[in-house]
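**Student:** structure for this input, please:
(2 chains)
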Amino acid sequence: SQQGEEDPQALSIQEGENATMNCSYKTSINNLQWYRQNSGRGLVHLILIRSNEREKHSGRLRVTLDTSKKSSSLLITASRAADTASYFCATDASGGSYIPTFGRGTSLIVHP
Amino acid sequence: DAGVIQSPRHEVTEMGQEVTLRCKPISGHDYLFWYRQTMMRGLELLIYFNNNVPIDDSGMPEDRFSAKMPNASFSTLKIQPSEPRDSAVYFCASSSAGVADTQYFGPGTRLTVL
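**Tutor:** From the prediction side, this is the model:
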């Protein structure tokens, strides 16, 4: 099964700045999902984007998907200290088992 | 809804002991997943169930690991005998919409094997 890879591994910004993290994958997908994990907690689903979609918004979150480049980005606008967390992408391989596999995550620190 | 419930939240045991982790999925969810998270390997899918039936256990690392789902509201992950390298955070997640859709994670069980 394939695994998405997030980039960068770590990101440190000031409150109010935008944070962008990327996810690359290797084979065609049906869906791509982004999750957040606060320290010591379980993962929380943020957004699911399907392969025929190019962009989705949810509050301060914006996700883009470029299937030709096999990549996705998650943009958090006007970041807050509470956004400090690890962010994971999960991809499922079309034509495969459809089980989402998670990357290693981007660790985001937002300084107040 | 209470969300996915896992117990215990923390478990410390000695090598060779049996460990049982428990999970109650969200009511009405047909899919249940067990994951293991470590710094070295990230988040790994161990096994998942659909309608209480194990569908894919290819992620279960060894025969020392076993999982059951006797009914729609309860699942266990057992490690017997436990080893220090099993130390990790174990997550249970459930989903209603299908294997490729949104998963709802429990808070995890932090296992330490001494």
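**Student:** A:Ser71 is in contact with A:Asn22, isn't it?
**Tutor:** Yes: applying CB atoms under 8 Å, one finds A:Ser71 in contact with A:Asn22, separated by 6.1 Å. (Each C-beta comes from the backbone N, C-alpha and C, glycine too.)
**Student:** which pLDDT value belongs to the residue in chain B that chain A sits nearest to?
**Tutor:** The nearest approach of chain B to chain A comes at B:Phe105, 3.4 Å away (CB to the nearest CB). As summarised for this prediction, B:Phe105 has a pLDDT of 95.
**Student:** please apply the same query to A:Ser97.
**Tutor:** pLDDT at A:Ser97 comes out at 63.
**Student:** thinking again about what came up before, next, the contact list for the residue of chain B closest to chain A, please.
**Tutor:** A:Tyr35, A:Gly42, A:Leu43, A:Val44, B:Val4, B:Phe91, B:Cys92, B:Ala93 (CB atoms under 8 Å, 6 or more residues apart in numbering or on different chains).
**Student:** and it, how far from A:Gln9?
**Tutor:** 21 Å (CB to CB, to the nearest Å).
**Student:** same question for A:Tyr87.
**Tutor:** A:Tyr87 is 11 Å from A:Gln9, where distance means CB to CB.
**Student:** can you check A:Leu46 too?
**Tutor:** Plainly put, A:Leu46 is 19 Å away from A:Gln9 if you go by CB to CB.
**Student:** how far off centre is the helix or strand harbouring B:Thr20?
**Tutor:** With elements delineated by DSSP states H and E, B:Thr20 resides in strand B:19-24, which encompasses its position. Taking CA atoms, centre = their mean, to the nearest Å, the mean C-alpha location of strand B:19-24 is offset from the chain mean by 7 Å.
**Student:** outside of the very next helix or strand once past it, which residues touch it?
**Tutor:** Following strand B:19-24 in sequence order, the next helix or strand is strand B:31-38 (DSSP H and E). Among residues not part of strand B:31-38, those counted as contacts by CB under 8 Å, 6+ apart are B:23, B:25, B:43-50, B:67, B:69, B:75, B:77, B:87-96, B:98-99, B:103, B:108.
**Student:** the residue in chain A positioned nearest to chain B: neighbour count?
**Tutor:** Here chain A gets closest to chain B at one residue, A:Gly42, 3.4 Å apart by CB to the nearest CB. The burial metric for A:Gly42, expressed as a neighbour count using other CB atoms under 10 Å in any protein chain shown, is 22.
**Student:** got the residues of chain A near chain B?
**Tutor:** On the criterion CB under 8 Å from any CB of the partner chain, chain B has as its neighbours in chain A the residues A:30-31, A:33, A:35, A:40-45, A:48, A:88, A:92, A:97-105.
**Student:** repeat the analysis, applying 7 Å as the threshold.
**Tutor:** By CB under 7 Å from any CB of the partner chain, the part of chain A that sits against chain B consists of A:30-31, A:41-43, A:45, A:48, A:88, A:92, A:97-102, A:104.
**Student:** A:Leu46 and A:Gln9: which has the busier surroundings?
**Tutor:** Remark: of A:Leu46 and A:Gln9, A:Leu46 carries more neighbours, 20 against 12, as counted by other CB under 10 Å.
**Student:** alright, I will stop here.
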